[in-house]
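Asker: Need coordinates for the below:
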Amino acid sequence: MPATIDHLVTSGTFSLDGGTWDVDNNVWIVGDDTEAVVIDAAHDAGAIEAALHGRRLRAIVCTHAHDDHVGAAPALAEATGAPVLLHPDDLPLWKRTHPERAPDGELADGQVLTVAGTALTVLHTPGHAPGAVCLYAPELGTVFTGDTLFQGGPGATGRSFSDFPTIIDSIRERLLTLPPETVVRTGHGDATTIGREAPGLQEWIDRGH
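Answerer: Next up, the predicted model:
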């Protein structure tokens, strides 16, 4: 039986380039009754640990290193013993939030993480951040996109470390190639599907090239 997906929303702030904004973040927990991984430890380590219900946490996977996505990662790691995994291209962003504590391991394009017998394939999707990744779980019919793709379009690229043509390339090459029925579970807001977003994304692609 494949893993199940639990969803938690945590609230806090996002700060970059001298500005601070209130945000609600999606935290995704993938696992079974005994083990799980957390995708994006946002804001509240205690709430995320409580949502594990005593399951062994295998890893804390960071889709990117903006402070609203990794702020609670060290505390959750300390509480559970789980390693924090991040793509190395996002280390400069990580160090802005956690200068004294490095991630425990690296994520790489094509890497497969397995939890509860279910494979999560790492897709490097730079643009919103240099080390942004998505996690594709074909058995679950879903992709966890962090802030690369939302309902209604690509993630923001108007701040430091981001680039619009790069995120458009990532979406076109790594996400629009997935089956159209694939559910897109995002870093903020409501879920969508690849098929639902594809027509509008073509407009973004045309705009970016």
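
Asker: ranges for the strands of the protein?
Answerer: Under the criterion DSSP state E, the chain contains strands at 4-16, 19-31, 35-39, 56-61, 84-86, 105-106, 112-115, 118-124, 133-137, 142-146, 149-150, 153-154, 183-186, 192-193.

Asker: Could you list the low-pLDDT ranges of the chain?
Answerer: The chain contains residues with pLDDT under 70 at 1, 208-209.

Asker: Check the offset of stretch 92-99 from the chain's centre.
Answerer: Averaging C-alpha positions (Cα atoms, centre = their mean, to the nearest Å) puts stretch 92-99 17 Å from its chain's average.

Asker: so of the strands of the chain, which one's packed in deepest?
Answerer: Highest mean neighbour count among the strands of the chain (mean count of other Cβ atoms under 10 Å): strand 142-146, with a mean of 27. The C-beta positions use only the backbone N, C-alpha and C, and glycine is treated the same way.

Asker: Export stretch 73-85 to PDB, keeping only CA atoms.
Answerer: Extracted C-alpha coordinates of stretch 73-85, given in PDB (Å, rounded to 0.1, in the frame of the first residue of the first chain):
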ATOM      1  CA  ALA A  73      13.900  22.800  10.300                       C
ATOM      2  CA  PRO A  74      16.800  22.800  12.800                       C
ATOM      3  CA  ALA A  75      14.300  22.600  15.800                       C
ATOM      4  CA  LEU A  76      12.400  19.700  14.200                       C
ATOM      5  CA  ALA A  77      15.700  17.900  13.400                       C
ATOM      6  CA  GLU A  78      16.800  18.300  17.000                       C
ATOM      7  CA  ALA A  79      13.400  17.000  18.300                       C
ATOM      8  CA  THR A  80      13.300  14.000  16.000                       C
ATOM      9  CA  GLY A  81      16.800  13.200  15.000                       C
ATOM     10  CA  ALA A  82      15.900  13.500  11.400                       C
ATOM     11  CA  PRO A  83      18.400  14.900   8.900                       C
ATOM     12  CA  VAL A  84      17.700  18.200   7.000                       C
ATOM     13  CA  LEU A  85      18.200  17.800   3.300                       C
END
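
Asker: Show me what counts as buried in that stretch.
Answerer: Going by neighbour count (16 or more other Cβ atoms under 10 Å), the buried part of stretch 73-85 is A73, P74, L76, A77, T80, A82, V84, L85.

Asker: Please apply the same query to stretch 167-179.
Answerer: Residues of stretch 167-179 classed as buried by neighbour count (16+ other Cβ under 10 Å): I167, I168, D169, S170, I171, R172, R174, L175, L176, L178.

Asker: For that stretch, give me every contacting residue.
Answerer: Residues outside stretch 167-179 that contact it (Cβ atoms under 8 Å, 6 or more residues apart in numbering): 123-128, 132, 134, 136, 141, 143, 145, 148-149, 154-155, 157, 184, 194, 198, 201, 204-205, 208-209.
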